[in-house]
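K.L.:
sequence unknown, structure follows:
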């Protein structure tokens with residue numbers, strides 16, 4: 001009981017916004033027109049927990065949400081704006097949101113290639129089945145230790161810090177929730193490359209590459225950005241860009 005109360009207080013503390021200046025790289029209208037079902041929306045967060053995640057992953061991106069589109073059957077908000085995103089929130093757990101929630105935030109769209117309508121439907125069903133599941137507070141306690149400006153964690157160990165947590169399948173953090181969805185449809189994110197006889201360049205096995213599925217707890221928001229299997233969508237370019245028409249301030 002006491003631990004649950006402390007966890008809720010910690011979640012509230014870590015969810016508080018901190019001052020951070022970032023530059024949005026596209027307009028709201030361009031993002032609306034460019035994003036598609038199945039896309040992963042990366043977010044540069046401005047909360048205390050974002051600071052820990054960005055430090056541990058050495059990345060701009062501290063949060064990820066899955067875009068399912070207006071036809072996914074998610075609930076509408078109080079203003080009747082359709083919910084099109086699903087994410088794992090620190091305080092509310094896995095929830096749905098309208099796209100406008102991140103209207104004024106620095107974001108990046110990462111798009112999986114070649115998803116079929118059936119794949120999209122599976123992602124929708126998976127995400128809807130997880131709604132209401134709670135954030136992994138054990139993971140939050142682990143991350144909270146790395147909120148000081150320069151925690152003494154060697155670079156090679158930072159990634160493994162994100163793998164800490166309860167391991168309870170009914171709990172999630174933002175990137176692992178999405179990673180499990182893509183693993184369910186057998187779509188790769190950052191598989192671990194395994195090759196045989198690496199010291200023998202003439203060996204046929206050298207040219208055969210094997211992949212094993214990385215455990216979902218080891219995924220971070222930046223992995224969707226770094227993945228060779230996700231395209232980076234820049235809404236400004238998607239809407240048509242001609243540098244000759246760029247208006248410079250004289």
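P.N.:
Perfect, thanks for sending it. What you see is a predicted model; the values in this text were computed from it and never measured.
K.L.:
Please, where are all the strands along the chain?
P.N.:
Along the chain, the segments classed as strands by DSSP state E run 40-43, 63-67, 85-89, 93-97, 107-112, 134-135, 171-172, 192-195, 209-212, 230-233.
K.L.:
between those, which one is nearest to residue 123?
P.N.:
Proximity to residue 123, assessed across the strands of the chain by Cβ to Cβ, is greatest for strand 63-67 (6.9 Å). For the C-beta atoms, the positions are set from N, CA and C on the backbone; glycine is no exception.
K.L.:
Not counting that closest one itself, show me its contacts.
P.N.:
35-43, 45, 50, 53, 84-87, 97, 99, 102, 123, 127, 174-175, 177-178, 181, 221, 224 (Cβ atoms under 8 Å, 6 or more residues apart in numbering).
K.L.:
between it and strand 93-97, how many degrees?
P.N.:
50 degrees (axes from the mean of the first three to the mean of the last three Cα atoms, to 10 degrees).
K.L.:
Please identify the pairing partners of strand 63-67 and their relative orientation?
P.N.:
strand 40-43 (antiparallel), strand 85-89 (antiparallel) (DSSP bridges).
K.L.:
Could you list the single helix or strand in the protein with the lowest mean pLDDT?
P.N.:
Sorted by mean pLDDT, DSSP states H and E, the helices and strands of the chain end with strand 171-172, the least confident at a mean of 49.
K.L.:
Make CSV out of the strands of the chain and add distance to residue 118.
P.N.:
CSV is the format used below for the strands of the chain (distance: least, Cβ to Cβ, whole Å):
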stretch, distance to residue 118
strand 40-43, 19
strand 63-67, 17
strand 85-89, 19
strand 93-97, 22
strand 107-112, 14
strand 134-135, 29
strand 171-172, 24
strand 192-195, 27
strand 209-212, 22
strand 230-233, 19
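K.L.:
worst average pLDDT in the ones you listed?
P.N.:
Note on these: strand 171-172 shows the lowest mean pLDDT, a mean of 49.
K.L.:
what about residue 180, distance to residue 223?
P.N.:
Going from residue 180 to residue 223 by Cβ to Cβ, to the nearest Å gives 13 Å.
K.L.:
who has more neighbours, those two?
P.N.:
Just comparing residue 180 and residue 223: by other Cβ atoms under 10 Å the higher neighbour count belongs to residue 223, 24 against 16.
K.L.:
Quick one: residues contacting the more buried one.
P.N.:
Contacts of residue 223 by Cβ under 8 Å, 6+ apart are 175, 179, 189, 190.
K.L.:
Surely the third one and residue 229 touch.
P.N.:
Yes - the criterion here is Cβ atoms under 8 Å, and residue 189 meets it with residue 229 at 6.8 Å.
K.L.:
neighbour count winner among the two?
P.N.:
Legend: neighbour count by other Cβ under 10 Å for residue 189 and residue 229, higher for residue 189 (23 against 16).
K.L.:
Now that one. Nearest residue, chain neighbours left out?
P.N.:
Among residues not flanking residue 189 along the chain, residue 227 sits closest, at 5.1 Å (Cβ to Cβ, 6 or more residues apart in numbering).
K.L.:
What is the burial count for that neighbour?
P.N.:
Neighbours of residue 227 using other Cβ under 10 Å come to 20.
K.L.:
Could you measure from it over to residue 119?
P.N.:
From residue 227 over to residue 119 (counting by Cβ to Cβ), the distance is 16 Å.
K.L.:
next one: residue 241
P.N.:
Distance from residue 241 to residue 119, by Cβ to Cβ: 30 Å.
K.L.:
The two: who's more crowded?
P.N.:
Taking neighbours as other Cβ under 10 Å, residue 241 and residue 119 compare with residue 119 leading, 18 against 10.
K.L.:
Might you report the residue contacts of the more buried one?
P.N.:
38, 185, 187.
K.L.:
Of these, just say which sits nearest to residue 69.
P.N.:
residue 38 (8.4 Å).
K.L.:
didn't that closest one look like it was pressed against residue 122?
P.N.:
No - assessed by Cβ under 8 Å, residue 38 is found out of contact with residue 122, at 10.2 Å.
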